[in-house]
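Q: structure for the following, please:
(2 chains)
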Number of protein chains: 2
Amino acid sequence: MSHTTSPTARLMDGTAFARRMVEEAAERAAALAARTGRAPCLATVLVGDDPASVTYVRMKRNRCAKAGVQSRHIALPADTTTAQLVDAIGELSDDSGVHGILLQHPVGPHIDERAAFEAIAPEKDVDGVTAHSFAAMSLGMDGFASCTPGGIMQLLDHYDVDLTGKHAVVVGRSAILGKPMGMLLLGRNATVTYCHSRTTDLAAHTSEADVLIAAVGRPRFLHGDQLKPGAVVIDAGYNPGNVGDVDFPSAAAVASLITPVPGGVGPMTIATLLTQTVDAATRQLGAAG
Amino acid sequence: MSHTTSPTARLMDGTAFARRMVEEAAERAAALAARTGRAPCLATVLVGDDPASVTYVRMKRNRCAKAGVQSRHIALPADTTTAQLVDAIGELSDDSGVHGILLQHPVGPHIDERAAFEAIAPEKDVDGVTAHSFAAMSLGMDGFASCTPGGIMQLLDHYDVDLTGKHAVVVGRSAILGKPMGMLLLGRNATVTYCHSRTTDLAAHTSEADVLIAAVGRPRFLHGDQLKPGAVVIDAGYNPGNVGDVDFPSAAAVASLITPVPGGVGPMTIATLLTQTVDAATRQLGAAG
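A: Coordinates of the predicted model:
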């Protein structure tokens, strides 16, 4: 006789909420264009032709187009040097026709990604990857959020997840996902634990999380038996084959709220990128006008 | 019949190790002066006349003088505005005769402390308080450390505390102490938990810490019964009457290593300030020569 568990968790529908965010961004973009004669413009920079990266950039540009946000694509060859990439991004930073800059990452291992990120002017860093944006997220200063953590915060708020005093465990510590995620949660009064590849006894930590953020980039890495019953589970993973970092069936059986993959965090990331591009354009065109 | 506990912990002698650091900084300062004809110069900025702040600044300047580091003191009246303070700091940032800038904090509540910090040029931020320095500590970029967290890392290394995979719990989340402390520990592969005033059941977290950093600013806030036996306990508190954030007798009975107050973290903070001032001068005078 086989035992089956049935999902008890409520789904956090990123697709639906992201649609609303994009509609709002589109309305603001249209109003801005009507007022200033100029549409927001996002520059996308891609080094090489990694198929996944090509797809992501195309998806982002399509979403821009639908929302009335122009995009300008800079495709650079795979053998672009750090200096060349920094120069290319620096030109976009200086170009008043560009309001936001997205460098599709990861870039190749021969490139100093941090140097490339830092060539983005803070006021155009709509993907939230610069040191300035990280410090802003961490210290409560004005600035853009990294899009995935920023989108996750929007989703948590949309589902009325109260963070104060809750134990949030972030699994992963990348500069654009895990680290800023924890800082945003800390800023909202959660007790925050960072786990990562060197963490001893991961399950001991994840099983105490009221809010669990999976940001490791390993397919079905976390299972329901590692989670606290009733936890809010956010799967920021997006691995080949549309698979997240969380084993959905087992996690959904114990969580109270959970993001599906796809349709959870992914759409929120793009919606945040669009929203922040419109924010940047509004500020830059407002200042210019 | 009364039960007494006897201390089992080994003391982490910040005074002795800081002395060695200061001697090394003094040797480097002398060599730099011999080579360039100029001594490192730290500008100290004090707003108002809070007695504790006056004492701290005097202590730091005395320590500078003994190490062959010049200092220039800017005393501003208590009613200085944010704009005036930003201007004063901006002048020091532009002054090639000044290699490091220390704004004694906290400044008065009528001043935007963050704006004042951000007026410090990153290359002169020897106290590690700017957004740039915070991001550098967090993301592994070049930059100065906040002096107290930076000094604590030195002390942990000096006592051969292996951080990889250890659970480090930071109690406190200020921009210049708790937050950067956690980021430095995370960069050294510790699993890091941030606790703070809104944390539910603090003892549940502190009692699981292999390394505990107390950075709350409340006298004798943490007691031995809240600690894990064998923990490394770092008391970054410094409250009136030379009292730390940790109740020393009860903590020393369970910890394996512990910093006393005074004589633990405090001297390391000043030694780090001096070392970083010499680092800054070396870079600036090296670049100029």
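Q: hey, let's count contacts and neighbours off CA atoms from now on
A: Fine.
Q: next one: the one residue in chain A that gets nearest to chain B from B:Gly68, what distance?
A: At 4.0 Å from chain B, A:Thr193 is the closest residue in chain A, using C-alpha to the nearest C-alpha. Going from A:Thr193 to B:Gly68 by C-alpha to C-alpha, to the nearest Å gives 42 Å.
Q: ok, back up a step: show me what contacts the residue of chain A closest to chain B?
A: A:His167, A:Ala168, A:Val169, A:Val170, A:Gly182, A:His205, B:Thr191, B:Val192, B:Thr193, B:Tyr194 (C-alpha atoms under 8 Å, 6 or more residues apart in numbering or on different chains).
Q: make TSV from those residues and add secondary structure and distance to B:Gln276 to it.
A: Output for the contacts of A:Thr193, formatted as TSV (DSSP: H, G, I helix; E, B strand; the rest coil; distance: C-alpha to C-alpha, whole Å):
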residue	secondary structure	distance to B:Gln276
A:His167	strand	36
A:Ala168	strand	35
A:Val169	strand	34
A:Val170	strand	32
A:Gly182	helix	29
A:His205	helix	36
B:Thr191	strand	27
B:Val192	strand	26
B:Thr193	strand	28
B:Tyr194	strand	27
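Q: secondary structure class for A:Ile213?
A: Of the three states, A:Ile213 takes strand under DSSP: H, G, I helix; E, B strand; the rest coil.
Q: and it, bridged to which residues?
A: A:Val170, A:Ile234 (DSSP bridges).
Q: what kind of secondary structure is A:Arg63 in?
A: On the three-state scheme (three-state DSSP), A:Arg63 is labelled helix.
Q: any idea of the pLDDT on the nearest residue to A:Leu163 once chain neighbours are set aside?
A: Nearest residue to A:Leu163 in three dimensions, chain neighbours excluded: A:Ala190, at 5.3 Å (C-alpha to C-alpha, 6 or more residues apart in numbering or on different chains). The per-residue pLDDT reported for A:Ala190 equals 98.
Q: how many other residues sit next to A:Ala190?
A: 27 (other C-alpha atoms under 10 Å in any protein chain shown).
Q: cool, A:Asp201 as well?
A: The burial count for A:Asp201: 10, using other C-alpha under 10 Å.
Q: what do you get for A:Gly241?
A: With other C-alpha under 10 Å as criterion, A:Gly241 counts 8.
Q: that one in helix, strand or coil?
A: Three-state assignment for A:Gly241 (three-state DSSP): coil.
Q: what residues are up against it?
A: A:Gly241 sits next to no residue when contact means C-alpha under 8 Å, 6+ apart.
Q: returning to what we had before: beta-bridge partners for the residue of chain A closest to chain B, please?
A: Residues in beta-bridge contact with A:Thr193 (DSSP bridges): A:Val169, B:Thr193.
Q: do I have it right that A:Ile101 meets A:Thr44?
A: Yes - between A:Ile101 and A:Thr44 a contact is recorded at 6.1 Å, counting by C-alpha atoms under 8 Å.
Q: between the two, who's got more neighbours?
A: Applying other C-alpha under 10 Å to A:Ile101 and A:Thr44 shows that A:Ile101 carries more neighbours, namely 27 against 21.
Q: that one should be in a helix, yeah?
A: No - under three-state DSSP, A:Ile101 falls outside any helix and is assigned strand.
Q: quick check: it vs A:Asp157, distance?
A: Distance from A:Ile101 to A:Asp157, by C-alpha to C-alpha: 27 Å.
Q: do A:Val254 as well
A: With C-alpha to C-alpha as the criterion, A:Val254 and A:Asp157 are 21 Å apart.
Q: between the two, which one's more packed in?
A: Shown here are A:Val254 and A:Asp157; by other C-alpha under 10 Å, A:Val254 has more neighbours (25 against 12).
Q: need the per-residue pLDDT for the residue nearest to that one when sequence neighbours are not counted.
A: Among residues not flanking A:Val254 along the chain, A:Pro229 sits closest, at 4.8 Å (C-alpha to C-alpha, 6+ apart). Note for A:Pro229: predicted pLDDT of 97.
Q: just for chain A, where's the confidence low?
A: A:1-7, A:287-289 (pLDDT under 70).
Q: what does it put close to chain B?
A: Within chain A, the residues that sit near chain B (C-alpha under 8 Å from any C-alpha of the partner chain) are A:131-132, A:134-136, A:139, A:164-166, A:175, A:186, A:189-196, A:198-200.
Q: and those, which are buried?
A: Neighbour-count burial (16 or more other C-alpha atoms under 10 Å in any protein chain shown) applied to these gives A:131-132, A:134-136, A:139, A:164-166, A:175, A:186, A:189-196, A:199-200.
Q: can you list contacts of stretch A:131-141?
A: A:118, A:122, A:125, A:128, A:142-146, A:180, A:183-184, A:187, B:131-132, B:134-136, B:139, B:175.
Q: and the helices in chain A?
A: Assigned by DSSP state H, the helices in chain A fall at A:14-36, A:51-66, A:82-94, A:113-118, A:131-139, A:147-158, A:178-187, A:202-206, A:248-252, A:265-288.
Q: got CSV for the ones you listed, with distance to B:Asn242 too?
A: What follows is the helices of chain A, written out as CSV (distance: least, C-alpha to C-alpha, whole Å):
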stretch, distance to B:Asn242
helix A:14-36, 52
helix A:51-66, 57
helix A:82-94, 50
helix A:113-118, 42
helix A:131-139, 29
helix A:147-158, 41
helix A:178-187, 30
helix A:202-206, 36
helix A:248-252, 50
helix A:265-288, 48
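Q: tell me which of the ones you listed lies nearest to B:Pro262.
A: Minimum separation from B:Pro262 across the helices of chain A (C-alpha to C-alpha) falls at helix A:131-139, 29.1 Å.
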